[in-house]
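Participant: Here you go, sequence then predicted model.
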Amino acid sequence: MNDQVSGISLEAQEENVRMIRESAGFLRAPDRMAAVRAARHIMPGITPADRDAVVSMGWLGMRLPEERGGVGFGLAEFCALSEELGRGLLPEFVVQAMAIAPLLPDAVLEQALSGERIVIPAWNEKLGDPDHVEAALTGGAITGTKRFVLTAAAADSFLVTTAGGAALVDAGASGLSLSTLALQDGGHFGELALENAAATPVEGDVARTREEAMLGMSAYLLGMAERTFEITKEYLAVREQFNRPIGSFQALQHRMVDMYLQIELTRAAIGKTARLLDDAEADREECLRAVSRTKARASDMVLLVTREGVQMHGGMGYTDDCDVGLFLRKAMIVATGHGSAGWHRRRYARLADLANNRLAA
Amino acid sequence: MTTELERRAAADASLSDEEFRVVVRDWIAGNYMLERNLRIRPPFAYAKPWYLKLSERGWLAPGWPVEHGGLGLSIMKQVILVEEQERYGCCRLNEMGVVMVGPLLIRFGTDEQQKFFLPKILNGEIRWCQGYSEPGAGSDLASLRTEAVRDGDEWVVNGQKIWTTRANDADWIFALLRTDKSVAKHAGISMFLMPMTSPGISVKPIRDLNGGEELCQTFFENVRVPHANLVGELNKGWGVNSALLGLERIYVGLPKHSAHALARLHDLMTLTGAWEDAAAVDRFTQFQFDLEDHIALYEAALEQVSRTGQFPADISLLKLSQTELCSRITEAMMDMGGEIAGLFDPLVEHDNLFLANQFLLARPTTIYGGTSEIQRNILATRVIGLPKQ
């Protein structure tokens, strides 16, 4: 079924995933975390080097069909790349930018692919509720307030969701004012106040795109957790106290296994949800439920793994020089945004109407 | 002739614990002159007026004997002084001198050491930092390697200490050093005092996860220390250290830290409307039970202190219970905070609600002063009586 849907065989997909991971190899370089550490709290929130890499690798076009200048990859490939970005803590708005590229009209898309124009989505308005949208689109202009816009200062355009569909707004448009809030990972949220700001409506399934972005964020969290787990594992092997590696203590071993289980559950959930969403025939509500299940798992999992990573590093874990701290402080933003675990569980319970649907035993 | 100190000591001792608490409470309200409820320990220069005020009243070092400038008060009354300062929101002081060095010198110091150092602790002239942990000796402290080698009337010190909190705001360091490498690890350690201005000592602050720079590394390169700065007997430093079952144990068990976090979680739930969410209410209620029961455990421990004059053997339970509860509450802040969980600054419009700060500040509490893992080892073997590994 899967190979029919995405039009390629599983073998071809695996080869794509291998190539994609290879293209992100620089994110695994030994000096990557030093670069991430140095880039914190510097506007606009992405380094020129990272921005050049994203453009030159053609990542923004990965979800586009070939006739629009892309490579037409499915969600398995998209998730694999998002995972690599998470491993290397590349600013996570890039996951969103990849997801929304297919929605962009040709002229804007061309600029996005060439790196001339960064387009960032502005979905949220209300704390803790990604579904709440009041902004109004009337007569080609938007009025409303969008909040928690990731890395907003880097945007040349915003893709703004409104009660009347989504539209593109130029970052320099009159009637748009941007303020920023600093975040623990060294990035920022933007708040967009829109007062009759000129907007160009976009075609396409914006709601579905947001689901794909949420799934991508789950994969990003998976990559973060994998790297944190590896760093912690290495430390437990080399750190000696009481004349033995501390990783030989059962109390720590069992906790590492608990984390490993959560990581593998997350990986499995992401893989299955990606296949489901790639299936054009799939039931829409089933897709939403699967995304919620996955993001809830990924959020809880990454907070567990990064917290434990700090604890197992002892005093070193509480220093800014220790890489696990970079992942913990990133988790505080990515796990809690894009629908927190609690929000996704509530959405799932509502959609599944759990009270009236007993599992077949 | 009765000195002023003796008169005060007798007066305080004559009060019941309840009466004493009322006197302390009124006195703090009438005398505390700095900002209340600071969430960080301020530099000494800021805290000094309060330090001296307490010292003048005899309540800086209430447990020291009168002949050394204290009031010789019971452990229970010392705890009351801590509790009431916390309750009022007085700033934390650099208490190393009062809580660690003073009792150390009173018990093991020479006359000269006592006469020189104790008054200078009480008047704030000498501030201390602690040189215990090393990069290779944390949970396994006894494996420490910073070495002192005898050279006539002096010792020459080489090595490196870490987590020397406030070493960049201290005048002297008290340190455990390796003085005999040929014997079992616990048997070759000695305690020394060194001025931080000694040639060869350098300090490097460590930036922590929350942006603070209290933690430090301290390096020793051919630092010369007079033999007179040895505390206690040579190679008996481990015992000297273990004999100090200090009042600092009570700080980490204070329910106030968790109570404060829970109050802020309450604020968050009001802000987000989470009181409509049955799961969130259940979770909050569980925390409230945990807090109430921790308070009961804490009070039971104190009752034992007041009856026996000693800390109970399982005093470490208080640290585990308090720090892990506080950690869990701040984890719930991450789970329930949504997009504001990771903000870098406090929310001024919501009474400075600052979820990330609470969460990050809770992280090291299960690490310093013996990690939760080490506390569990101690409780398992020494209190429950399980076999050692």
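Facilitator: All right, it came through fine. Residues are numbered from 1 along each chain as shown, chains lettered A, B, ... in the order given.
Participant: so how far is A:Ala213 from the residue nearest to A:Asp300 when sequence neighbours are not counted?
Facilitator: Closest residue to A:Asp300 apart from its sequence neighbours, by C-beta to C-beta, 6 or more residues apart in numbering or on different chains: A:Ala341 at 5.0 Å. Any C-beta I mention is one placed from the backbone N, CA and C, and that applies to glycine too. Noted for A:Ala341: a distance of 17 Å to A:Ala213, by C-beta to C-beta, to the nearest Å.
Participant: same deal with B:Thr308?
Facilitator: Remark: distance between B:Thr308 and A:Ala213 (C-beta to C-beta) = 62 Å.
Participant: quick one: which of these two has more around it?
Facilitator: Neighbours of B:Thr308 and A:Ala213, each counted by other C-beta atoms under 10 Å in any protein chain shown, are more numerous for A:Ala213; the result is 24 against 10.
Participant: SS state for that one?
Facilitator: What DSSP: H, G, I helix; E, B strand; the rest coil gives for A:Ala213 is helix.
Participant: what's the neighbour count on the nearest residue to it once chain neighbours are set aside?
Facilitator: Nearest residue to A:Ala213 in three dimensions, chain neighbours excluded: A:Ala99, at 4.0 Å (C-beta to C-beta, 6+ apart). As a burial measure, A:Ala99 scores 26 neighbours (other C-beta under 10 Å).
Participant: Thought A:Tyr220 was touching A:Ala99, still the case?
Facilitator: No. With contacts counted by C-beta atoms under 8 Å, A:Ala99 stays clear of A:Tyr220, the gap being 11.3 Å.
Participant: isn't A:Thr306 right up against A:Phe229?
Facilitator: No. The criterion here is C-beta under 8 Å, and A:Thr306 misses it with A:Phe229 at 9.5 Å.
Participant: Which of these two has more residues huddled nearby?
Facilitator: A:Thr306 (28 against 21).
Participant: which regions of the stretch 101-250 of chain B lie under the pLDDT threshold?
Facilitator: Filtered on pLDDT under 70, the stretch 101-250 of chain B yields the residue ranges B:245-249.
Participant: What of chain A?
Facilitator: For chain A, the stretches with pLDDT under 70 are A:1-7, A:361.
Participant: partner residues bridging B:Asn158?
Facilitator: Under DSSP bridges, the beta-bridge partners of B:Asn158 are B:Glu147.
Participant: Can you list the buried residues in stretch A:136-144?
Facilitator: With burial defined by 16 or more other C-beta atoms under 10 Å in any protein chain shown, the residues of stretch A:136-144 counted as buried are A:Leu137, A:Ala141, A:Ile142, A:Thr143, A:Gly144.
Participant: of all those, which two lie farthest apart?
Facilitator: Greatest spatial distance among the buried residues of stretch A:136-144 (C-beta to C-beta): A:Ala141 and A:Gly144, at 10.6 Å.
Participant: between the buried residues of stretch A:136-144, which is nearest chain B?
Facilitator: Within the buried residues of stretch A:136-144, the smallest distance to chain B is 17.0 Å, found for A:Gly144 (C-beta to the nearest C-beta).
Participant: what about the spatially closest residue to the closest one that is not a sequence neighbour, distance to chain B?
Facilitator: The spatially closest residue to A:Gly144, leaving aside those adjacent along the chain, is A:Ala135, at 2.7 Å (C-beta to C-beta, 6+ apart). Separation of A:Ala135 from chain B (C-beta to the nearest C-beta, to the nearest Å): 17 Å.
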